[in-house]
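[1] next one to model:
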Amino acid sequence: MYVLKHKTPIARKQYKCMLCNEIIEIGEKYDRTTVVYEGKIYDFICHERCDELWDELNMSDEYEDDDIASQCFFDSILIYVSDNHFNVKSCEIDDGWDLPVKDLIPKILEELKNEDKNLDK
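    Model prediction:
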């Protein structure tokens, strides 16, 4: 995959995020990356927060197929919650973490940013 350009425009119409599969609303800032893949040019469109989490989870160069990328994004979120917020003794997810994936994205980003701040101290 070769990146031709990357920009963060404001949506003039609704789009479907290619990572979380939720709607990017009109007026919302989003990421649009134009790429060449297998000889074809296309745009990869996603929420800014999804792109940020994708980068935080170090997935950027691993998945080039959109369907695989979306599934791996979901899987990575569920693995993150399982690794960090699952109590093995009670077999339960921590309070506040049993949420739909779209609601887990900002929570995970916030937690990762707080971890980074603590590492800097």
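
[2] show me where this protein has strands.
    Listed in chain order, the strands of the chain (DSSP state E) span residues 2-7, 15-16, 23-24, 30-37, 40-47, 86-87, 92-93.

[3] low pLDDT regions in this protein?
    60-67, 117-121 (pLDDT under 70).

[4] the same query, at a cut-off of 90, please.
    Confidence mapping of the chain against pLDDT under 90 gives the ranges 1-2, 35, 37-38, 42, 55-72, 87-91, 113-121.

[5] now do the helices in it.
    Per DSSP state H, the chain has helices spanning 48-56, 66-85, 101-120. These are given in chain order.

[6] looking at those helices, spot the one closest to residue 38.
    The minimum distance between residue 38 and the helices of the chain falls on helix 66-85, with 11.8 Å, by CB to CB. C-beta here means a position set from N, CA and C on the backbone, and glycine is covered the same way.

[7] quick one: buried residues of that closest one?
    Neighbour counts using 16 or more other CB atoms under 10 Å place 69, 70, 72, 73, 76, 77, 80, 81, 85 of helix 66-85 among the buried residues.

[8] tally of neighbours for the nearest residue to residue 47 once chain neighbours are set aside?
    By the measure of CB to CB, 6 or more residues apart in numbering, the closest residue to residue 47 outside its immediate chain neighbours is residue 17, 4.9 Å from it. The number of residues packed around residue 17, counting by other CB atoms under 10 Å, is 22.

[9] same thing with residue 7?
    Residue 7: 10 surrounding residues under other CB under 10 Å.
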